[in-house]
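# what shape does this take:
(one chain, ligands or ions: 1)
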Amino acid sequence: MCGIVGYIGNNDSKEILLKGLEKLEYRGYDSAGIAVKNEDGVHVFKAKGRIAELRGIVDENVFAEAGIGHTRWATHGVPSKVNSHPHQSESGRFTLVHNGVIENYDLLKREYLADVHFQSETDTEVIVQLVEKFAREGLSTLEAFRKTLKLLHGSYALALLDAEDNETIYVAKNKSPLLVGVGDSFNVVASDAMAMLQVTNQFVELMDKEIVIVTKNEVTIQTLDGVAISRAPFTAELDASDIEKGTYPHYMLKEIDEQPAVLRKIIQAYQNEQGQLEIDADIIDAVKNSDRIYIIAAGTSYHAGLVGKQFIEKVAKVPVEVHISSEFGYNMPLLSEKPLFIFISQSGETADSRAVLVQVKEMGYPALTITNVPGSTLSREADHTLLLYAGPEIAVASTKAYTAQLAVLAILAEVTAKSRGLEVNFDLTHELGLVANAMEVLCDSKEMIEVMAREFLSVTRNAFFIGRGIDFYVGLEGALKLKEISYIQAEGFAGGELKHGTIALIEEGTPVIALATQESVNLSIRGNVKEVVSRGANPCIISMEGLNMDEDSFVIPEVHDLLTPLISVIPLQLLAYYAALHRDCDVDKPRNLAKSVTVE
Ligand code: M6R
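Predicted structure coming up:
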């Protein structure tokens, strides 16, 4: 989704801004721009497409000690140079970058700006034109900015330059993430700390409806009513090398390979000195005190929630419902008497999930966020947080975060069960260790999976994933991975549902990827494979050692049957990766997608 950077200091801002935008490329965007300011005025450079195009048009001879930059993921108005940010007010005095969506922009345009000539189709331009209108009426820039912010409905992270003031970047946020980074004789602005790790790891968190005046030596935070706020910076615990690809051709492949190490890190992080798995007593009490858990999530995190439900219900014996966050607001089920809400989100910034969190907090219910990003919005706003320890996930397609989510949910289920005095007849630490070993075996089987991707997916228009029980949920994730990066129409189905409609889609050669990791349904899923094969399908059976048969294409090592999703997903991730590669797709930055979906 859109990204923001800003710099004010003694160095030339251009390169810092461009490098910062490159660090945000993974979030998905379709145009980019920077505006830099010096004694000659504000210089704006914008381009549709990649940062490389932008680099090509930036005038190297302009030296400017302050500037702002943006990567845009189109919402209002097509991806184009004119709709890309920064946007300028009619006279060119004010220049603005914006992440988020202004819901009442049309109303504001009609009510306040009827005589203004707009350049773009964006909601953002309304903001910058309003600032100019109020400044023309005699307000200072800060007052004009503040008055504008009070009129906005919706989400925003903003950075504003005033051509008449070389000393300041004005910043504000509501619902969209934004940080101010602090340094020695310089300060920076970033929608994601990663963008500015190149110059600092000290960041000040901003809260909704705050205004920040950033100069090279000072960061002044105020409420919208001008009340001063003091807040100490925190250290971003990120290593710049975590966000490099190293020798890998793609982040996705690197992140797939990181899964065994991430799992081992999770085991360590949740182990106490006696080697027992442990979770904060407050969190376990919250689970024990609830009569039903509601898991809220989107995309891959939703799929992790479906598997997590199995863990929690089977091991901890607490009933669980899993809901898609974007639906929950209007499709809220009848809630139990003592619900606990669990939000699963890699980024901790997904706007659809955050909207539900705000809603349930208003209703007075407790909430736990399971996220990869400490300090993210969902983490800050929930009562409790469990971290994934997966390290930055850069590829748009989520891989290591999914398996990390499953591991943390399994640990939550086990610790809850034990603290409820329930018998757990397996040693989860040991079983997860075996899973990590099995993951390594799978990561070493890339050549075989590449061949499978050629055989099954290189020319097809569509593909189906089938499974029963827990395998069905992994099939949903496999289908999402494949469609989002290879653009093959892919769907996951419960094996038994095929004959209720989907089987009509099977044609000669249609790939059907079947998961067979569960003994209790092994014969049934194989029966489903026979049904599709007799209608012409090209079957690819992925089974587990001990349940495998001659016709299987790939066999995963044997692990505890509840934990199979942690490893059966790996061949599916790799299949998607190689299918995308064979089709010449941009694996890490698939079209139309953003890493973190910060608009509803
Ligand atoms: O950051 P989140 O986990 O909340 O993101 C949710 C989805 O947007 C995300 O999982 C998305 O589906 C991925 N691109 C899937 O690979």
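# longest single helix anywhere in this structure?
Ranked by number of residues, the top helix in the chain under DSSP state H is helix 400-419.
# right, and the helix or strand after that helix?
helix 428-443 (DSSP states H and E).
# tell me the helices and strands packed up against the helix or strand following that following helix.
Where DSSP H and E defines the elements, the next helix or strand beyond helix 428-443 is helix 446-457. Judged by 3 or more Cβ pairs under 8 Å, 6 or more residues apart in numbering; DSSP states H and E, the packing partners of helix 446-457 are strand 511-516, strand 538-544, strand 554-556, helix 565-582. Where C-beta positions appear, they are placed from N, C-alpha and C, glycine not excepted.
# looking at the ones you listed, which is buried most?
Most buried of the helices and strands packed on helix 446-457 by mean neighbour count (mean count of other Cβ atoms under 10 Å) is strand 511-516; its value is a mean of 27.
# quick one, phi/psi of whichever residue of the chain sits closest to the ligand?
Nearest residue of the chain to the ligand (Cβ to the nearest ligand atom) works out as G299 at 1.9 Å. Torsion angles at G299 (phi, psi; degrees, to the nearest 10) stand at phi 60, psi -130.
# the ligand contacts on the chain?
298-301, 345-347, 350, 353, 396-398, 480, 484, 596-597 (Cβ under 6 Å from any ligand atom).
# quick check, nearest of those to K254?
A397 (12.1 Å; Cβ to Cβ).
# looks to me like the closest one is in a helix.
No. With DSSP: H, G, I helix; E, B strand; the rest coil as the criterion, A397 is coil rather than part of a helix.
# thought it was touching L482?
No. Proximity of A397 to L482 does not meet the contact threshold set by Cβ atoms under 8 Å, at 9.5 Å.
# hmm, what's the outermost residue in the chain?
Note on the chain: the largest separation between a C-alpha and the mean C-alpha position, by Cα atoms, centre = their mean, falls on G138 (42.0 Å).
# which SS class is that residue?
Per three-state DSSP, G138 ends up coil.
# OK, contacts around E218?
Each residue near E218 by Cβ atoms under 8 Å, 6 or more residues apart in numbering is listed here: N187.
# please save the CA atoms from the longest helix of the chain in PDB.
Taking C-alpha atoms only, helix 400-419 is exported to PDB below (Å, rounded to 0.1, in the frame of the first residue of the first chain):
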ATOM      1  CA  LYS A 400       6.900 -17.400   6.900                       C
ATOM      2  CA  ALA A 401       4.300 -15.300   8.800                       C
ATOM      3  CA  TYR A 402       1.600 -18.000   8.000                       C
ATOM      4  CA  THR A 403       3.700 -20.800   9.600                       C
ATOM      5  CA  ALA A 404       4.700 -18.500  12.400                       C
ATOM      6  CA  GLN A 405       1.000 -17.700  13.100                       C
ATOM      7  CA  LEU A 406       0.200 -21.500  13.200                       C
ATOM      8  CA  ALA A 407       3.100 -22.100  15.600                       C
ATOM      9  CA  VAL A 408       2.000 -19.300  18.000                       C
ATOM     10  CA  LEU A 409      -1.600 -20.500  17.800                       C
ATOM     11  CA  ALA A 410      -0.500 -24.100  18.600                       C
ATOM     12  CA  ILE A 411       1.500 -22.800  21.600                       C
ATOM     13  CA  LEU A 412      -1.500 -20.700  22.800                       C
ATOM     14  CA  ALA A 413      -3.700 -23.800  22.600                       C
ATOM     15  CA  GLU A 414      -1.200 -26.000  24.500                       C
ATOM     16  CA  VAL A 415      -0.500 -23.500  27.300                       C
ATOM     17  CA  THR A 416      -4.200 -22.800  27.700                       C
ATOM     18  CA  ALA A 417      -5.000 -26.500  27.800                       C
ATOM     19  CA  LYS A 418      -2.400 -27.200  30.500                       C
ATOM     20  CA  SER A 419      -3.400 -24.300  32.600                       C
END
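# what's the closest non-adjacent residue to K288?
Excluding its sequence neighbours, the residue lying closest to K288 (Cβ to Cβ, 6 or more residues apart in numbering) is R420, at 6.2 Å.
# thinking again about what came up before, just the ones of the residues of the chain next to the ligand in helices?
Those of the residues of the chain next to the ligand lying in helices (DSSP H): 299-301, 353, 480, 484.
# top of these by number of neighbours, please.
S353 (30 neighbours; other Cβ atoms under 10 Å).
# was I right to think it contacts L378?
Yes. Under the criterion of Cβ under 8 Å, S353 makes contact with L378 at 6.2 Å.
# any shared contact partners between these two?
With Cβ under 8 Å, 6+ apart as the test, S353 and L378 both reach 343, 345.
# so where's the stretch 1-150 of the chain uncertain?
1 (pLDDT under 70).
# what segments of the stretch 1-150 of the chain are helices?
Under the criterion DSSP state H, counting those that start in this stretch, helices of the stretch 1-150 of the chain are mapped to 13-23, 51-57, 105-112, 124-136, 141-151.
# export those as JSON lines, with columns for mean neighbour count.
Converted to JSON lines, the helices of the stretch 1-150 of the chain look like this (neighbours: other Cβ atoms under 10 Å):
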{"stretch": "helix 13-23", "mean neighbour count": "23"}
{"stretch": "helix 51-57", "mean neighbour count": "16"}
{"stretch": "helix 105-112", "mean neighbour count": "15"}
{"stretch": "helix 124-136", "mean neighbour count": "24"}
{"stretch": "helix 141-151", "mean neighbour count": "20"}
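# quick one: closest of these to E258.
helix 13-23 (18.6 Å).
# how about L238, what does it touch?
Residues near L238 by Cβ under 8 Å, 6+ apart: 193-194, 197, 201, 392.
# 7 Å - rerun?
Residues in contact with L238 (Cβ atoms under 7 Å, 6 or more residues apart in numbering) are 193-194, 197, 392.
# ranking by neighbours, what's the top pick from the residues you listed?
A193 (25 neighbours).
# and the residue nearest to R27 when sequence neighbours are not counted, how close does it get to V459?
Leaving aside its sequence neighbours, R27 sits nearest to K595 (Cβ to Cβ, 6+ apart; 4.3 Å). K595 sits 29 Å away from V459, going by Cβ to Cβ, to the nearest Å.
# neighbour count winner among the two?
A count of neighbours by other Cβ under 10 Å puts K595 above the other of K595 and V459, at 26 against 10.
# correct me if wrong: the more buried one contacts L24.
No. K595 is beyond contact range of L24, at 9.1 Å (criterion: Cβ atoms under 7 Å).
# you'd agree I211 is up against K147?
No. I211 is beyond contact range of K147, at 11.1 Å (criterion: Cβ under 7 Å).
# run through this protein and note the low-pLDDT ranges.
The chain contains residues with pLDDT under 70 at 1, 239-241, 599.
# hmm, try it at 80
Applying pLDDT under 80 to the chain picks out residues 1, 26-28, 75-77, 237-244, 594-600.
# care to break it down by domain?
The record's domain parsing of the chain by automatic domain parsing lists 3-241, 245-443, 445-587.
# end to end, how far does stretch 482-501 reach?
Start and end residues of stretch 482-501 are separated by 22 Å (Cα to Cα, to the nearest Å).
# now do stretch 17-34
Start-to-end span of stretch 17-34 (Cα to Cα) is 7 Å.
# distance between it and the chain's centre?
Chain-centre distance of stretch 17-34: 16 Å, with Cα atoms, centre = their mean, to the nearest Å.
# and what of stretch 318-338?
Taking mean C-alpha positions (Cα atoms, centre = their mean), stretch 318-338 and its chain are 22 Å apart.
# output it as PDB, restricted to C-alpha atoms.
Provided in PDB are the C-alpha atoms of stretch 318-338 (Å, rounded to 0.1, in the frame of the first residue of the first chain):
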ATOM      1  CA  VAL A 318     -12.500 -23.600  23.900                       C
ATOM      2  CA  PRO A 319     -15.100 -22.900  21.100                       C
ATOM      3  CA  VAL A 320     -13.800 -20.700  18.300                       C
ATOM      4  CA  GLU A 321     -15.300 -18.900  15.400                       C
ATOM      5  CA  VAL A 322     -13.200 -17.500  12.600                       C
ATOM      6  CA  HIS A 323     -14.300 -14.400  10.700                       C
ATOM      7  CA  ILE A 324     -13.100 -12.400   7.700                       C
ATOM      8  CA  SER A 325     -12.500  -9.000   9.100                       C
ATOM      9  CA  SER A 326     -14.000  -7.000   6.200                       C
ATOM     10  CA  GLU A 327     -17.300  -8.800   6.700                       C
ATOM     11  CA  PHE A 328     -17.500  -8.800  10.400                       C
ATOM     12  CA  GLY A 329     -18.700  -5.200  10.800                       C
ATOM     13  CA  TYR A 330     -21.900  -5.800   9.000                       C
ATOM     14  CA  ASN A 331     -22.200  -9.500   9.500                       C
ATOM     15  CA  MET A 332     -21.600  -9.700  13.200                       C
ATOM     16  CA  PRO A 333     -22.800 -13.000  14.600                       C
ATOM     17  CA  LEU A 334     -24.700 -13.200  17.900                       C
ATOM     18  CA  LEU A 335     -21.900 -12.900  20.400                       C
ATOM     19  CA  SER A 336     -21.500 -15.200  23.400                       C
ATOM     20  CA  GLU A 337     -21.600 -13.800  26.900                       C
ATOM     21  CA  LYS A 338     -17.800 -13.600  27.400                       C
END
